[in-house]
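[1] A predicted structure for the sequence below; I have some questions about it.
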Amino acid sequence: MILLSPLGALGRTMLGFLAAIGRVALFAASAVSHIVRPPFYGREFAMALFNIGWLSLPVVGLTAIFTGAALALQIYAGGARFNAEAVVPQIVAIGMVRELGPVLVGLMIAARVTSSIAAEIATMKVTEQIDALVTLSTNPMKYLTAPRVLAALLVVPALVGVGDIIGVFGGYVVATGSLGFNPAAYIKNTVDFLEPLDIISSLVKGCVFGGIAALMGCYYGMNSGRGAQGVGRATKGSVEAAAVLILAANFLLTGVFFSL
């Protein structure tokens, strides 16, 4: 019996993990079904677009430009060891567009938006505002979750596109201002090297990452515990889950697009 107890603990952990995956999957399916079925709450959707999209631009822009600049310096320093400094424009472009741009924007959205959504909805649950919605014959999934998930699915790819451009521009500024690259040649090498599939993969990743970020915020908010500690645990758990799922999804999507 003593030998079996660790196996029992492992089995309970796995069953709990699978049950959690099932709950999240059912929640996601319910959210998607509410997105495509009326009624639609335009005001909530517009507010979600503003909060997720416009208010996230400063942090996305700053993150992207500094990352692109640092990436150019690191690639130049590494390439100099092999007399391959000329590859800076190409590597900065593909690194930002295919990987760093979508991932960094996704993580910034997880840090900023997921935590905000989870805290807001968890607070509504603690103060019984969600119960009030049910009393008023308003479906909380339809009113709270669907507009936020739809807004994230639409606006995060746009944020990724902006982040990609700003990141490449950051590399351009450093390369032409400090590393001696010709501006026209740098832009030409960047444009010639990027392929349509690179841009498509970046935008698809942005859509998936946005959906994950919004879903995790709504899920943990809806399932938070009571009291201030419940709100805190929901906020922390939502960011952790969103970040891990974004990185896992990035690996899977990278593999898919790599095989194309």
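    Done, it's in.
[2] Next, the buried residues of the helix or strand containing L7.
    Element membership of L7, judged by DSSP states H and E, is helix 4-35. Residues V24, F27, A28, A31, V32, H34, I35 are the ones in helix 4-35 that count as buried (16 or more other C-beta atoms under 10 Å). Every C-beta, even on glycine, is put in place using the N, C-alpha and C of the backbone.
[3] Give me the neighbour count for F50.
    By the criterion of other C-beta atoms under 10 Å, F50 has 13 neighbours.
[4] nope, S116 is what I meant
    Count around S116 with other C-beta under 10 Å applied: 18.
[5] Need the pLDDT of V239.
    pLDDT recorded at V239 is 95.
[6] I121 now?
    94.
[7] what's the closest non-adjacent residue to it?
    G221 (2.7 Å; C-beta to C-beta, 6 or more residues apart in numbering).
[8] Burial check on that neighbour, number of neighbours?
    Neighbour number of G221 under other C-beta under 10 Å is 28.
[9] Helix, strand, or coil at it?
    Secondary structure state of G221, per DSSP: H, G, I helix; E, B strand; the rest coil, is helix.
[10] That one and N250: what is the separation?
    24 Å (C-beta to C-beta, to the nearest Å).
[11] correct me, but A122 touches G217?
    No - the criterion here is C-beta atoms under 8 Å, and A122 misses it with G217 at 9.5 Å.
[12] how about the helix or strand I187 falls within: buried residues?
    Element membership of I187 [criterion: DSSP H and E] is helix 183-193. For helix 183-193, the neighbour count (16+ other C-beta under 10 Å) marks Y186, N189, T190, F193 as buried.
[13] From the structure, what's the count of residues near A110?
    Neighbours around A110, by other C-beta under 10 Å: 27.
[14] scratch that, M216 is what I was asking about
    29.
[15] before we move on, which element is it in?
    Element membership for M216 (DSSP H and E) is helix 196-222.
[16] now M47
    Going by DSSP H and E, M47 is in helix 42-52.
[17] and the residue nearest to A228 when sequence neighbours are not counted, how far is that from R226?
    Counting by C-beta to C-beta, 6+ apart, A228 lies nearest to V126, which is 7.8 Å off, once chain neighbours are set aside. V126 is 6 Å from R226, where distance means C-beta to C-beta.
[18] Comparing these two, which residue is more hemmed in?
    The neighbour comparison of V126 against R226 (other C-beta under 10 Å) goes to V126, with 17 against 10.
[19] got a list of what that one touches?
    S224, R226, G227, A228, G230, V231 (C-beta atoms under 8 Å, 6 or more residues apart in numbering).
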